[in-house]
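**Student:** Task: produce atomic coordinates for the following.
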Amino acid sequence: MSIVYLKSEDDLKQLVSNKDTLVLVDCLAKWCGPCRVLSKHFETLSVKWRNDYGDNVVIAKMDVDDSVFATFCTINKVEALPTILFVKGDDVLHRVVGCKVAEITNTVENLMAKKDNNNSLSD
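**Tutor:** You can find the predicted model right below:
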C-alpha cells in the first residue's frame, strides 16, 4: 500500500488515522507536467521506502481538479502544483512545492529518523 489514489477526504482521514504512518499527500493534476515527472520518481521511491520503512510511509495521490478536494486544498493553501504535504495524524509537518525529488527524499528520511529516535528513547 505504498501508493494510494484518493477518491475522497475520508480516504485521507483513514490513512492518517494511524499516527505512526507518514502520509505524503501528493496534490497533483493530470495536466501538470511536473506532476507527471514526480509521479515517475514516486513509483521508484515507493519501493525503496516500503523496503526501508514498511507500511509507515504512504504516498496518497490527490487530483486537485476533483471538486471533493476543494476544501482540503483551500485549508492547506495548495496554490501551486505539485504540492507535497507531509502529514502525520492531524499535523502537516512539512510541505514541498515543485518537483524537488531530493528535498522530498531528505524530508522523508529526516522525519522517519526522528520517529526512530523517539521510539528508541521511549524503550
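
**Student:** Where do the strands of this structure begin and end?
**Tutor:** 3-5, 22-28, 57-63, 83-88, 91-97 (DSSP state E).

**Student:** can you tell me which residue is nearest the centre of the chain?
**Tutor:** The structure's the chain has its C-alpha centroid closest to residue 24; by CA atoms, centre = their mean the separation is 0.7 Å.

**Student:** Am I right that that residue is in contact with residue 58?
**Tutor:** Yes: in this structure residue 24 lies within contact range of residue 58 using CB atoms under 8 Å: 7.1 Å. No exception for glycine: its C-beta is placed from N, CA and C like everyone else's.

**Student:** Quick one: find the helix or strand in the chain with the lowest mean pLDDT.
**Tutor:** Ranked by mean pLDDT, DSSP states H and E, the weakest helix or strand in the chain is helix 101-122, scoring a mean of 83.

**Student:** Please export the C-alpha coordinates of that one as PDB.
**Tutor:** Taking Å, rounded to 0.1, in the frame of the first residue of the first chain, the C-alpha atoms of helix 101-122 are listed here in PDB:
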ATOM      1  CA  VAL A 101      12.900  15.000  -5.500                       C
ATOM      2  CA  ALA A 102      16.000  15.500  -3.300                       C
ATOM      3  CA  GLU A 103      14.100  17.700  -0.800                       C
ATOM      4  CA  ILE A 104      11.200  15.200  -0.700                       C
ATOM      5  CA  THR A 105      13.600  12.300  -0.100                       C
ATOM      6  CA  ASN A 106      15.600  14.100   2.500                       C
ATOM      7  CA  THR A 107      12.400  15.200   4.300                       C
ATOM      8  CA  VAL A 108      11.100  11.600   4.500                       C
ATOM      9  CA  GLU A 109      14.400  10.300   5.700                       C
ATOM     10  CA  ASN A 110      14.700  13.100   8.400                       C
ATOM     11  CA  LEU A 111      11.100  12.600   9.600                       C
ATOM     12  CA  MET A 112      11.500   8.800   9.800                       C
ATOM     13  CA  ALA A 113      14.800   9.200  11.600                       C
ATOM     14  CA  LYS A 114      13.100  11.400  14.200                       C
ATOM     15  CA  LYS A 115      10.400   8.700  14.600                       C
ATOM     16  CA  ASP A 116      13.100   6.100  15.100                       C
ATOM     17  CA  ASN A 117      14.900   8.300  17.600                       C
ATOM     18  CA  ASN A 118      11.700   8.900  19.600                       C
ATOM     19  CA  ASN A 119      10.900   5.200  19.700                       C
ATOM     20  CA  SER A 120      14.400   4.300  20.900                       C
ATOM     21  CA  LEU A 121      14.200   6.900  23.600                       C
ATOM     22  CA  SER A 122      11.000   5.500  25.000                       C
END
